[in-house]
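# fold the following.
(chains A and B)
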Amino acid sequence: MNNQYANRYYIISGIFVLVVFIYLIRLFYMQIIDNSYKFSAENNSQRYVTLYPARGLIFDRKGRLIVSNQAAYDLMVNPQELRAFDTSTFCSILGITPEYVRQTIRKARNYSRYKSSPFLYQIPDSVYAAFQEQMYKFPGFYVQPRTLRHYERKIAAHFLGYVGEVDSSHIKNDPYYQMGDYIGMSGLERAYEKELRGVKGVKIYLVDVHNRIKGSLANGRFDKPAVQGKNITATIDAELQAYGEKLIKNFRGGIVAIEPATGEILVLISNPSYDPQMLIGRARATNFVSLRDDPSNPLFNRALQSKNPPGSTFKLLNALVGLQTGTITPQSTFSCAQGYTVGPVHVGCHIHPTPLDLIGGIQYSCNAYFCNVFRRIIDNPNEKDRFSAYQHWRDLVMSFGLGKKIQTDLPHELGGNIPSLEYYNRIYRKSWNSVTIISLAIGQGEIGITPLQLANMAATIANHGYYYIPHSVRQINGKDSIDSRFKQKQYTAFDSSLFNIVIEGMYRAVNGPGGGTALNGAVKGLDICGKTGTAQNPHGDDHSIFIAFAPRNNPKIAIAVYIENGGFGATIAVPIASLMIEKYLTDTITRPWYEEYLRTKTIIYPKK
Amino acid sequence: MRRNVNVWARIDWFTVILYLILVLMGWINIYAAVYSEEHRSIFDWNMRYGKQLVWIGAAILIALITLSIDTRAFSFFAYAVYAFSLISLLLVLVLGKEVNGARAWFEIGQLRLQPTEFAKVATCLVVAKYLSSYNVRTDKIKTWIIACIFIAIPAMLIALQPDVGSVVVFAAFTLAFYREGFPGIILLFGFLLIFLSLIALIAPPITVLIIILIMAVTALFIVRLRISELILAVTSLTIGYFVVKLIALHLFHRPNNPYFFLLITTGIVGIFPLINSAFKKIPHIPWIIVFTFMAIGFTYSVDYLFDNFLQPHQQQRINILLGKESDPKGAEYNVAQSKIAIGSGGLLGKGFLQGTQTKFNFVPEQSTDFIFCTVGEEWGFIGSTVVLGLFVILLLRILHLSELQRSAFSRIYGYGVASILFMHIAINVGMTLGLLPVIGIPLPFFSYGGSSLWAFTLLLFIFLRLDASRLEVLR
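Sure thing, here's the model as predicted:
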């Protein structure tokens, strides 16, 4: 027998045991020491699905819903689950062409055979309902719910702003965002993006090798629900906003109204405007392009961004500076020979009683009066020289929030311009004097002021010398949690005692007695105080401007109306402001002929 | 002389119970591998676990029939069974159905049979029969050549299908041969060849050459135990290398090629002691030098064979295993997913039907060749250890029982059974662990499939039947 080889039994047994032992060491390493396999297994089998929260609702100051959400459905396609289907039915339900179907499916296949791709963005409700009934006929297609903005009224497009898809720079700045997320791009939506957006949630699904969903991980223990965005109560009055938009419909310009006691923006209008509903959903891209290319520039927010000379409304500030610097008194009297002439310089004026004191100067908006005032300010013997006098003037004027951003919460605000000393020294090589820059006396020249700043100016005068930074939000989620900077009084550099004289002038400009530049704006019992402005400009007819507040005591509303090429302040701006003040304070319209007048009045705007 | 033994009393119930445990565990893991929420009934004959239940039933029937056959029949019909098996292997090349590129299956209605699996049983019988014959002397080299031919014929027929995995399994018989006196040195050379092939495929030629020289010098020292010879060999190789380099660079203006220089050096430094020791009849040294030269030649030819002999997909699999190629979505995908499934199991596993990789079909072929992944993922390190432990116990039990046989036929057959099972287990598990190339062979008793289960059952129970009559002497 082979017993001489019996010891080989042990060698063979040893080989068996050795190999299995090596395998056990390998298993120990793979299963217990090395953790990377566990992560790989999770990557394999878990799919994170983002749950999109609905954005916060937006209400107006009286609690009326102005922006809500509508369900939208993105139609998704999963190429590997596709089966042959009836293309013509499919296309007719969705309103698309067979060519689109082919191309989009090809694109989706190129992206991934197993992962879903968007097929059609934001199908409207009605189409979704029709499609859902037939969906069983189209395997591989499914619907991913999203929410889109819904605008209850076609108002306040510029105030509210719009929501758009994030781009790579958003994602880089804030890792919260991922491709396909929405973000507020302008207006309130942008200013309060963090509050409105809510918190995205996540649902973790288990998927098989073909990326088919097989259930949720640990019965959803690790899922995170989406948290809806915070609701915002805005400061605007939707009724008044709508009314203003109706009145300004025929004109280009801006209207801003502020509650003086709080700085809350009651109305923010820029015309031409657009229906905010145009910038949501599938139509957004095409509508955006057509709005951008529209020569009337409806996307331009005139209320915050158009810088124009304030015209005669600026006389109020020169009056205040004169009083503050002691260069004039309320009793200072100047005469007017239908204008003001010094050397080669002539500033024209209209026919009105003369001579006038300060109140009269404001009431009749006398150019000559304010040329004298301005020259006294600049040529003030108490100042070191005209440069320091000008610097002093500029400092006082800028304390009204002019020539710099007012720091409102709405984005894209511009600061306007009050020319600096250095500017004049540069362009005139220091050889300038009060006559050279005399147009500043009547609010012309290089001054640039936005409608928001004009309205704030009116509110500041109404408050006798201070303002609250104009802002757009009253409450967030029902709580009074707006930024503290909106609750601090911003004092101007003027004594509050000076304002009574100016306000008296404004009161008489509207209510008389005698003449006045804005008599057509008077409403019995409302004590409207205002100042017209007529700004010359190189683009055509003068701009029609009016700033006002009412009532005189304990004012509720301050307003600035700015109508491009509208002519005299009284022509268009005064009727609009007057109607809006009446509407806001009394909720009635006693002068329907004014509405009719504005409705039929047209201005031919120069093509750009 | 024939004793009328009661098979049921003498059967090794320990092995039978091991067998049943393994089959049951296999079925549980097949159930987990193909489990889906939609098919809950374990008796769903459309699902693989349902079918496997049928195969298991049939396997038990096969076991019972095998046990009731007369012991002498296995020895008596060994050649006939072998011949029948070869015919079936020939027929399958003509009539067989091609699955996954291999013509390896007979299809009879619903049933698919793989003659390869049964050829292992037949070859095991014929090897045992031949080596236990009266006139066969295991100290003659002729005996081993004939024995190897018995293995080679079915192996070659299987290679024509082609099914490389099963061909490799036939190499298992060398372990049984070894027990019967097959020269251990040949087995050692076999392992050496495999080792050299591997380094030849992995490492650049210069490294391979240095490794061979180090092995040769080490062997020289181990057999001669003379420090002086060691120093002489190392210094002559080192100095020789620089001399060759200087001459080649400056006299013949050859480009700088260290591999070429070292090759020349080895030839020159080797040839003088070879002639010297051969004439002076110094033991060992001539053999070491000859084998060194042969090893160099062999590694040189491995690359050639690899490039010209293997199929592209086999080259790719070997390259991936050797870490020379990475292609997670292609051929490496199976192994990568298999390792993820096993590695994510942890100590205790994810639990029955809780393995995400298993449940959601990330591992291809999981119920057949990659069934061990299910064990690894759902039962963890503990479960894997239990399964491998049971296999080792089964193998050692078979070896132990083989040594108890009075008849050489039974002993050789037993060693054949253990060797085949071992080869299957080692290759299959090694492949799922990413230690061996992916060659699709089933894990005994675990993998889904009728043919392999029945063949392994037959293989094992023939041995148990022989063992039940271990006191008889069979020829």
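# list the buried residues for the helix or strand bottoming out on mean pLDDT in chain A?
Every helix and strand in chain A was compared by mean pLDDT, DSSP states H and E; the lowest is strand A:213-216, with a mean of 72. Within strand A:213-216, the residues that count as buried by 16 or more other C-beta atoms under 10 Å in any protein chain shown are A:214, A:216. Placement of C-beta: from N, CA and C, glycine included.
# CA atoms of that strand as PDB?
What follows is strand A:213-216, C-alpha atoms only, in PDB (Å, rounded to 0.1, in the frame of the first residue of the first chain):
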ATOM      1  CA  ILE A 213     -37.000  53.100  -6.400                       C
ATOM      2  CA  LYS A 214     -37.500  50.200  -4.000                       C
ATOM      3  CA  GLY A 215     -38.600  52.000  -0.900                       C
ATOM      4  CA  SER A 216     -37.400  54.500   1.600                       C
END
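# which other helices and strands contact it?
Contacts defined by 3 or more C-beta pairs under 8 Å, 6 or more residues apart in numbering or on different chains; DSSP states H and E place strand A:213-216 against strand A:201-207.
# any part of the strand it packs on near chain B?
Yes - contact of strand A:201-207 with chain B (C-beta under 8 Å from any C-beta of the partner chain) involves A:206, A:207.
# could you give the average pLDDT over that strand?
Mean pLDDT, strand A:201-207: 81.
# could you give me the buried positions within it?
Using 16+ other C-beta under 10 Å as the test for burial, strand A:201-207 gives A:203, A:204, A:205, A:206, A:207.
# out of those residues, who's nearest residue B:13?
The nearest member of the buried residues of strand A:201-207 to residue B:13, counting by C-beta to C-beta, is residue A:206 at 43.5 Å.
# how close does residue B:125 sit to chain A?
Distance of residue B:125 to chain A, given as C-beta to the nearest C-beta, to the nearest Å: 19 Å.
# number of nearby residues for that residue?
By the criterion of other C-beta atoms under 10 Å in any protein chain shown, residue B:125 has 25 neighbours.
# ok, now which ones touch it?
Residues near residue B:125 by C-beta atoms under 8 Å, 6 or more residues apart in numbering or on different chains: B:74, B:78, B:81, B:82, B:413, B:462.
# whichever of these end up buried, select them in ChimeraX.
The ChimeraX command for the buried members of those (criterion: 16+ other C-beta under 10 Å) is given here:
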select /B:74,78,81,82,413,462
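# chain A next: which of the contacts of residue B:125 are close?
Okay, of those, nothing touches chain A (C-beta under 8 Å from any C-beta).
# reformat the contacts of residue B:125 as CSV; add distance to residue A:325 and pLDDT.
Output for those, formatted as CSV (distance: C-beta to C-beta, whole Å; pLDDT from 0 to 100):
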residue, distance to residue A:325, pLDDT
B:74, 127, 92
B:78, 127, 94
B:81, 125, 95
B:82, 124, 96
B:413, 122, 96
B:462, 121, 96
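# restricted to helices, list the contacts of residue B:125.
B:74, B:78, B:81, B:82, B:413, B:462 (DSSP state H).
# correct me if wrong: the second one contacts residue B:129.
To tie it back to what came earlier, the one meant is residue B:78. Yes - using C-beta atoms under 8 Å, residue B:78 is in contact with residue B:129, at 3.7 Å.
# now the helices for the stretch 1-150 of chain A?
With DSSP state H, counting those that start in this stretch, the ranges of helices along the stretch 1-150 of chain A come out as A:8-28, A:36-45, A:87-94, A:98-111, A:125-134.
# now the stretch 201-350 of chain A
Under DSSP H, counting those that start in this stretch, the stretch 201-350 of chain A gives helices at A:238-247, A:284-293, A:302-305, A:315-325.
# what is the mean pLDDT for the second one?
Same thing as helix A:284-293. Helix A:284-293 comes out at a mean pLDDT of 88.
# mind listing what's buried in it?
So for helix A:284-293, counting by 16+ other C-beta under 10 Å, buried means A:284, A:287, A:288, A:291.
# ok, now which ones touch the first one?
The neighbourhood of residue A:284, defined by C-beta under 8 Å, 6+ apart, consists of A:162, A:164, A:278.
# just give the nearest non-adjacent residue to the second one, would you?
What sits nearest to residue A:164 in space, not counting adjacent residues and going by C-beta to C-beta, 6 or more residues apart in numbering or on different chains, is residue A:185, at 4.5 Å.
# again with the first one
Setting aside the residues directly before and after it, residue A:162 is nearest to residue A:279 in space (C-beta to C-beta, 6+ apart), at 4.1 Å.
# burial of the one you found, as a residue count?
Neighbours of residue A:279 using other C-beta under 10 Å come to 24.
# need the contact list for it.
By C-beta under 8 Å, 6+ apart, the residues touching residue A:279 are A:157, A:162, A:163, A:164, A:287, A:288, A:291.
# which residue is the nearest non-sequential neighbour of the closest residue to chain B within the stretch 351-500 of chain A?
Of all residues in the stretch 351-500 of chain A, the one sitting closest to chain B is residue A:477 (40.4 Å; C-beta to the nearest C-beta). Spatial nearest neighbour of residue A:477, chain neighbours left out: residue A:230 (4.2 Å); criterion: C-beta to C-beta, 6+ apart.
# wait, the one you found touches residue A:197, no?
No - using C-beta under 8 Å, residue A:230 is not in contact with residue A:197; the gap is 9.0 Å.
# sorry, back to before: dump the helices of the stretch 1-150 of chain A to JSON lines, plus mean neighbour count and distance to residue B:431.
Formatted as JSON lines, the helices of the stretch 1-150 of chain A follow (neighbours: other C-beta atoms under 10 Å in any protein chain shown; distance: least, C-beta to C-beta, whole Å):
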{"stretch": "helix A:8-28", "mean neighbour count": "16", "distance to residue B:431": "11"}
{"stretch": "helix A:36-45", "mean neighbour count": "17", "distance to residue B:431": "17"}
{"stretch": "helix A:87-94", "mean neighbour count": "14", "distance to residue B:431": "47"}
{"stretch": "helix A:98-111", "mean neighbour count": "14", "distance to residue B:431": "34"}
{"stretch": "helix A:125-134", "mean neighbour count": "13", "distance to residue B:431": "49"}
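# ok, of those, where does mean pLDDT dip lowest?
The weakest mean pLDDT among the helices of the stretch 1-150 of chain A belongs to helix A:36-45, with a mean of 80.
# now that one - C-alpha only, PDB.
The C-alpha coordinates for helix A:36-45 follow below in PDB (Å, rounded to 0.1, in the frame of the first residue of the first chain):
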ATOM      1  CA  SER A  36     -14.700  52.200   2.300                       C
ATOM      2  CA  TYR A  37     -16.900  49.400   1.200                       C
ATOM      3  CA  LYS A  38     -19.700  50.600   3.400                       C
ATOM      4  CA  PHE A  39     -19.700  54.000   1.800                       C
ATOM      5  CA  SER A  40     -19.600  52.500  -1.600                       C
ATOM      6  CA  ALA A  41     -22.600  50.400  -0.700                       C
ATOM      7  CA  GLU A  42     -24.500  53.500   0.300                       C
ATOM      8  CA  ASN A  43     -23.600  55.300  -2.800                       C
ATOM      9  CA  ASN A  44     -24.800  52.400  -4.800                       C
ATOM     10  CA  SER A  45     -28.200  52.000  -3.200                       C
END
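# got the angle for that helix vs strand A:201-207?
Here the directions of helix A:36-45 and strand A:201-207 differ by 100 degrees (axes from the mean of the first three to the mean of the last three C-alpha atoms, to 10 degrees).
# helix A:36-45 packs against which elements?
helix B:331-343, helix B:356-359.
# which residues touch it?
A:30-31, A:206-209, B:337, B:339-344, B:346, B:356-357, B:360, B:362.
# ok, now stretch B:411-419?
Residues from elsewhere that reach stretch B:411-419 (C-beta under 8 Å, 6+ apart): A:12, A:16, B:74, B:123-125, B:127-128, B:131-132, B:172-176, B:179-180, B:395, B:398-399, B:401-403, B:405, B:459-460, B:462-463, B:466-467.
# any idea which helix or strand of chain B has the worst average confidence?
helix B:312-321 (a mean of 71).
# is any part of it close to chain A?
No - on the criterion C-beta under 8 Å from any C-beta, helix B:312-321 is out of touch with chain A, staying 13.8 Å away.
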